[in-house]
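# generate a structure from the sequence data that follows.
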Amino acid sequence: MVKVHSSKVEVPPHLRLGLNYKAFKKFVTTELSKVGFDRFNTAIRSKYPESLSWIAEQYGDRLTGYDLAEATKMWLRMNNAEDKSVCEVLKERGWEGVGEAEVFLSHVQAESPWETLIAMERIDLRRGPARFGTKHEDSKVWVDYFCLRQLRNDFKPEQIEELIRETGAVYVFMDRKETDCSYPTRSFCILEFSSAIKGKAVLMIQTPRDGPLAPPKYGVWACCTGEWRRPDSEGHTMPKYSIDAVAATARRAEDKAKVDTFIEEGPGFAGVNQVMQRELRRTATRYAWSEAIDCWCWPCVCMGCVDCFFGF
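Residues are numbered from 1 along each chain as shown. Reported below is the predicted structural model:
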């Protein structure tokens, strides 16, 4: 059972490390190729232990972050670094782009490594939501694959919460229709989101391009053309952002129990639901407004000003 102590939680030095987009891409394309990993295929699965057969059963031939995590473990074993994280090893080797993390990346491991790389690039360029919480380009990012000691039980909720509070910036990269927009249904994602709320970190939410959590593609007010998104039968023009954090799941029951207890002792599930729904609506409104500006639709721009001022 997780207990929240009144005294400050100490974050181990290795957990404070992060890497930038260039270091991320270099590691995946050069170092992981030594263990047979290619972010565009699934050939490495032939080397997996039987206990990981669930990856193929659940995701078929599609490459996922679980494959990236397993390749990382192979690489650590090959380099006699079972007790270290990738970032620790790279820092010892003097790699550029590795240092204290400035942004925390919250995402689902069901997404493809290519999608994670896209998220890293957006943070690197301060593109879209990333401009709100990053101080400069080339920021060093905390990414679970490379910042946790993969061959140890290294994910402790209280340490992650404190790390997020100290980092002060969380980039939420929500997955697409391909993985059922599962971010709000994953316990660890809810933990990270709730930690950002409790720690008053800047939330930078990248909504998916498709699926039930995707914002309107062109605009929300349908004032110009029939191709623009029209209100549904209940008069809504935004997706129904209905979040139920308590129903989130984890692959292991003990992990869900741990996270649930931690959230209950923190902001609470109702608070997490409310803030996540509010932030998703705000992000979708900004997106639709920017699309209206790009299309020079001034009635929609004016409505966007009203929504952003009063809150959607």
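# give me the neighbour count for residue 51.
6 (other Cβ atoms under 10 Å). From N, CA and C alone the C-beta is placed, and that goes for glycine too.
# do residue 28 as well
22.
# isn't it right up against residue 113?
Yes. With contacts counted by Cβ atoms under 8 Å, residue 28 reaches residue 113, the gap being 6.7 Å.
# name the residues contacting each of those two.
Shared contacts of residue 28 and residue 113, defined by Cβ atoms under 8 Å, 6 or more residues apart in numbering, are found at 39, 68.
# now do the helices in the stretch 201-312 of the chain.
253-264, 269-294, 298-310 (DSSP state H, counting those that start in this stretch).
# and those helices, which one's lowest on average pLDDT?
Of all the helices of the stretch 201-312 of the chain, the minimum mean pLDDT falls on helix 298-310 (a mean of 55).
# okay, the residue lying closest to residue 208 once chain neighbours are set aside and residue 41: tell me how far apart.
Spatial nearest neighbour of residue 208, excluding adjacent residues (Cβ to Cβ, 6 or more residues apart in numbering): residue 176 at 4.4 Å. When Cβ to Cβ, to the nearest Å is the yardstick, residue 176 and residue 41 sit 20 Å from each other.
# residue 104 too?
29 Å.
# more neighbours: these two, which one.
Neighbours per residue (other Cβ under 10 Å) separate residue 104 from residue 41, with residue 104 holding more: 29 against 12.
# the more buried one reaches residue 166, doesn't it?
No. Using Cβ under 8 Å, residue 104 is not in contact with residue 166; the gap is 9.6 Å.
# thought residue 246 was touching residue 260?
Yes. Residue 246 lies in contact with residue 260 (Cβ under 8 Å); the separation is 7.2 Å.
# more neighbours, those two?
Neighbour comparison, residue 246 and residue 260: the larger count goes to residue 260, with 19 against 15 (by other Cβ under 10 Å).
# now do the helices in the stretch 51-200 of the chain.
Using DSSP H, counting those that start in this stretch, helices in the stretch 51-200 of the chain cover 53-59, 65-78, 86-92, 113-125, 144-147, 157-167, 187-198.
# dump these to TSV, plus mean neighbour count, mean pLDDT and distance to residue 23.
Shown next, in TSV, are the helices of the stretch 51-200 of the chain (neighbours: other Cβ atoms under 10 Å; pLDDT from 0 to 100; distance: least, Cβ to Cβ, whole Å):
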stretch	mean neighbour count	mean pLDDT	distance to residue 23
helix 53-59	13	91	26
helix 65-78	20	96	14
helix 86-92	21	98	7
helix 113-125	20	96	9
helix 144-147	24	98	9
helix 157-167	20	95	17
helix 187-198	25	91	22
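# where does the stretch 101-250 of the chain have low pLDDT?
Counting by pLDDT under 70, the stretch 101-250 of the chain has low-confidence residues at 216-239.
# again, 80 this time
Within the stretch 101-250 of the chain, the stretches with pLDDT under 80 are 209, 212-241.
# just the strands in the stretch 101-250 of the chain please.
Taking DSSP state E, counting those that start in this stretch as the criterion, the stretch 101-250 of the chain contains strands spanning 103-106, 141-142, 169-173, 202-206.
# could these go into CSV alongside distance to residue 14?
Output for those, formatted as CSV (distance: least, Cβ to Cβ, whole Å):
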stretch, distance to residue 14
strand 103-106, 15
strand 141-142, 11
strand 169-173, 20
strand 202-206, 24
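# what's the closest of these to residue 64?
The closest of the strands of the stretch 101-250 of the chain to residue 64 is strand 169-173. By Cβ to Cβ, the value is 14.4 Å.
# and for residue 281, the neighbour number?
17.
# just residue 9 next, same as before
15.
# ok, back up a step: quick one: closest of the strands of the stretch 101-250 of the chain to residue 23.
Comparing the strands of the stretch 101-250 of the chain by Cβ to Cβ, strand 141-142 comes nearest, at 9.5 Å.
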